[in-house]
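Trainee: Build the 3D model from these lines:
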Amino acid sequence: MNAISTIAPDTLPDKATLDTMRQDLAASFRWFARLGMHESVANHFSLAVEPGGRYFLINPRGKHFSRMRASDLILLDTEDASALDGPNAPDPTAWYIHSRIHANCPQARCVMHLHPRYATALASLKDSRMPPIDQNTMRFFGRLAIDDGFGGMGLSNDEGDRLAGLLGNNNVLLMGNHGVLVAAATVAAALDEMYYFERACETLMIAYASSKPLRIVSDNVAAVTQQQWAEYGQLAIDHLSEVRAILDDEEPQYRD
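Mentor: Purely as a prediction, here's the structure:
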């Protein structure tokens, strides 16, 4: 297990809980690789292991999503930037984005950042809003924060703090000219949110490509549907459970 020595043992969850956290996150990496939502050996997921958000798991630099194991995940301290000098250092952009979000947004226990095809296409439009045209787009009605201030890769604490401020209490930050970031209370919730956001973007971009007028529902219908999604929390739990069941059969090494 990769861990930093400065963490007091009583700060961490018990071994069984921490092992489950690692396995849930490792499964998510492998699943998004299967869905083609990874990008080379870039992009990153993190998971705070305690409520304050100071200590978090994240993928090491240069490891492909499809080969991620629970034991590969490194445990970092948001207050210790020397992690960038270690043998299993995270990617610098992962450090600056995720450490600052965990430090500033403790409710964002699991943070997933990807450059998936359709979300990134939407992030590249002058108008990156998501009109409510189907159930999936309605899931994000009134919940989507949009960053239109891209100024280069996230390679400073200032940029990480800026993104954390934009995210606030939102679950999804569409990063203009960049990609998407999802934050949630659990790995299951983050995985489900990221999956459905990319599906929503896919539908929207295909609809845009048709050049036909969009069938946009009323704000009232969109709000009702969004609330129905919010009350459907068991879906995320079942989603991750099934992902892990598939991987248990086909790629059990993720648990190692």
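
Trainee: and G152, how many residues sit next to it?
Mentor: Other residues within reach of G152 by the criterion other C-beta atoms under 10 Å amount to 9. (Each C-beta comes from the backbone N, C-alpha and C, glycine too.)

Trainee: before we move on, what about E231?
Mentor: Neighbourhood size, E231 [other C-beta under 10 Å]: 7.

Trainee: can you check the one 5 residues further on too?
Mentor: Residues near A236, counting by other C-beta under 10 Å, number 21.

Trainee: any residues touching stretch 88-98, and which ones?
Mentor: With contact meaning C-beta atoms under 8 Å, 6 or more residues apart in numbering, stretch 88-98 is reached by 2, 42, 44, 46, 56, 58-62, 74, 76, 81, 83-84, 111, 113, 153-157, 159-160, 163, 181.

Trainee: List only buried entries from the residues you listed.
Mentor: 42, 44, 46, 56, 58-61, 74, 76, 83-84, 111, 113, 154, 159-160, 163, 181 (16 or more other C-beta atoms under 10 Å).

Trainee: for R22, helix, strand, or coil?
Mentor: For R22, the secondary structure call by DSSP: H, G, I helix; E, B strand; the rest coil comes out as helix.

Trainee: now the helices: where do they sit in the stretch 1-150 of the chain?
Mentor: Across the stretch 1-150 of the chain, reading from the start of the chain, the helices by DSSP state H, counting those that start in this stretch fall at 15-34, 92-104, 117-123, 135-139.

Trainee: so where's the chain uncertain?
Mentor: Within the chain, the ranges that satisfy pLDDT under 70 run 1-10.

Trainee: any chance you could map the strands in it?
Mentor: Here the chain has its strands, by DSSP state E, at 44-48, 55-58, 74-77, 110-114, 144-147, 172-175, 179-184.

Trainee: Using CSV, please lay out those strands together with distance to D134.
Mentor: CSV is the format used below for the strands of the chain (distance: least, C-beta to C-beta, whole Å):
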stretch, distance to D134
strand 44-48, 27
strand 55-58, 33
strand 74-77, 39
strand 110-114, 21
strand 144-147, 15
strand 172-175, 17
strand 179-184, 18
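
Trainee: Quick one: closest of the ones you listed to A123.
Mentor: The closest approach between A123 and any of these, judged by C-beta to C-beta, belongs to strand 172-175 at 5.3 Å.

Trainee: and that closest one, what other elements does it pack with?
Mentor: Strand 172-175 makes packing contacts with helix 117-123, strand 144-147, helix 157-167, strand 179-184 when contacts are defined by 3 or more C-beta pairs under 8 Å, 6 or more residues apart in numbering; DSSP states H and E.

Trainee: With distance to V217 as new columns, can the ones you listed be given to me in JSON lines?
Mentor: Converted to JSON lines, the helices and strands packed on strand 172-175 look like this (distance: least, C-beta to C-beta, whole Å):
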{"stretch": "helix 117-123", "distance to V217": "19"}
{"stretch": "strand 144-147", "distance to V217": "16"}
{"stretch": "helix 157-167", "distance to V217": "27"}
{"stretch": "strand 179-184", "distance to V217": "23"}
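
Trainee: Which stretch among these is buried most, on average?
Mentor: Stretch with highest mean neighbour count among these: strand 179-184 (a mean of 25; mean count of other C-beta atoms under 10 Å).

Trainee: Strand partners (parallel or antiparallel) of it?
Mentor: Here strand 179-184 is paired, per DSSP bridges, with strand 110-114 (antiparallel), strand 172-175 (antiparallel).

Trainee: how far is the last one from where the chain is centred?
Mentor: Using C-alpha atoms, centre = their mean, to the nearest Å, the mean C-alpha position of strand 172-175 is found 10 Å from that of the whole chain.

Trainee: what's it in contact with?
Mentor: The set of residues that contact strand 172-175 without belonging to it, under C-beta under 8 Å, 6+ apart, is 119, 122-123, 128, 130, 140, 143-147, 150, 163, 166-167, 180-183, 193, 197.
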